[in-house]
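Asker: pasting the sequence and the predicted model now:
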Amino acid sequence: MLQTIEEAAGGVTTTSRAAPSGEEKKVAVHGAATVRFEHRHGETRLATLYHHDPLRVLLPTPRRGDVPIAVLATTSGGMVGGDRMDIDLSVGPCARALVTTQAAEKVYRSTGPDCRIDTRVAVADGAWLEWMPQEAIVFEGSRLRRLTRLELAGDARLIAGEMLVFGRAAFGETVTRGLIRDAWEVVRDGRALWADALHLDGDIAETLNHTAGFGGAGACATLLHAAPDAADRLDAVRALADGAAQQDGRARVGATAFDGFLVVRILGGDARAVRRAYMTLWSGLRAEAAGLPTRLPRLWEV
């Protein structure tokens with residue numbers, strides 16, 4: 001069973017793979033997906049496709065005027081201790097594509113091994129890629145290690161993002177313990193451009209609730225834009241953030257730019273407010289930076 005953020009808020013929690021209370025799942029799974037697009041005969045075409053349970057790659061028809069799209073689906077219903085997902089995404093020179101996920105990723109409680117999500121995103125010279133997965137919902141006592149590595153060449157351009165939701169608010173669940181390690185690595189032409197890591201381990205309630213930490217936020221998100229002219233988009237992104245705040249003031253947004261890179265942070269007490277701000281910034285930025293329609297894949301609107 002796949003779950004969206006609305007379902008997390010509304011109380012859908014069952015899954016065919018969740019371990020019973022007090023027990024650990026005996027067999028971990030190792031899913032993998034490889035997707036590559038290349039520019040051939042005047043248009044972007046799928047060049048490589050591989051997937052291994054519990055990951056599946058879907059290729060829906062894009063909306064008119066938009067780029068080709070690939071959608072990753074996790075058929076297992078969520079991640080339990082020891083599960084691993086390896087994702088490899090790439091676009092060749094001058095290709096343009098968008099990759100997202102079908103639904104939120106749920107990370108269940110673990111009394112032992114960590115769950116791992118390792119994603120490599122490679123964008124060739126002259127190419128454009130959007131890697132925008134839906135949120136990961138971390139349950140109380142879950143253990144998640146996630147690494148996203150972005151490898152850019154020449155004047156490659158990219159938008160990438162991640163969201164974290166801390167527990168199931170509809171059940172009054174607050175995350176007080178576990179492991180959350182969410183790391184980024186960005187390189188261009190082999191040179192390190194940016195690295196960042198959130199690391200919370202053990203008793204994490206104080207950090208999540210402290211005013212100098214997450215201030216009791218129910219969710220957070222990071223949105224990245226890499227391009228030679230990324231700094232030129234900073235004012236536009238801040239204007240988008242102001243517009244999102246006027247619509248719903250429950251999410252706070254900060255943005256900065258440096259060395260061909262733009263970083264946006266979103267924090268909010270309500271996970272749905274964070275998601276809406278994330279969608280507003282992404283859709284506006286793709287239009288501003290790449291001349292693409294100010295809209296997202298249909299599954300984001302469900």
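Answerer: Cool, got the structure. Residues are numbered from 1 along each chain as shown.

Asker: now what about stretch 37-51, what contacts it?
Answerer: Contact partners of stretch 37-51, identified using C-beta atoms under 8 Å, 6 or more residues apart in numbering, comprise 31-36, 57, 59, 67-68, 70, 90-97, 127. Where C-beta positions appear, they are placed from N, C-alpha and C, glycine not excepted.

Asker: recalculate using a threshold of 10 Å.
Answerer: 31-36, 57-59, 62, 67-70, 72-73, 75, 87-99, 124, 126-129 (C-beta atoms under 10 Å, 6 or more residues apart in numbering).

Asker: now intersect those with the strands, please.
Answerer: 31-36, 57-58, 69-70, 72-73, 87-91, 96-99, 128-129 (DSSP state E).

Asker: what's the burial count for Asp189?
Answerer: 11 (other C-beta atoms under 10 Å).

Asker: repeat that for His30.
Answerer: 14.

Asker: using CSV, write down the CA coordinates of the lengthiest helix in the chain.
Answerer: If you go by DSSP state H, the chain has its longest helix at helix 271-290. Only the C-alpha atoms of helix 271-290 are listed here, as CSV (Å, rounded to 0.1, in the frame of the first residue of the first chain):
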residue,chain,number,x,y,z
ALA,A,271,3.3,19.0,7.0
ARG,A,272,0.7,19.9,4.4
ALA,A,273,1.7,23.5,4.6
VAL,A,274,5.3,22.5,3.9
ARG,A,275,4.3,20.4,1.0
ARG,A,276,2.2,23.2,-0.5
ALA,A,277,5.1,25.7,-0.2
TYR,A,278,7.4,23.1,-1.7
MET,A,279,5.1,22.6,-4.7
THR,A,280,4.7,26.4,-5.2
LEU,A,281,8.4,27.0,-5.2
TRP,A,282,9.2,24.0,-7.5
SER,A,283,6.5,24.9,-10.1
GLY,A,284,7.5,28.5,-10.2
LEU,A,285,11.2,27.8,-10.3
ARG,A,286,10.9,25.3,-13.2
ALA,A,287,9.1,28.0,-15.2
GLU,A,288,11.6,30.7,-14.3
ALA,A,289,14.7,28.7,-14.9
ALA,A,290,13.8,26.4,-17.8
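
Asker: in it, which residues are buried?
Answerer: 271-286, 288-290 (16 or more other C-beta atoms under 10 Å).
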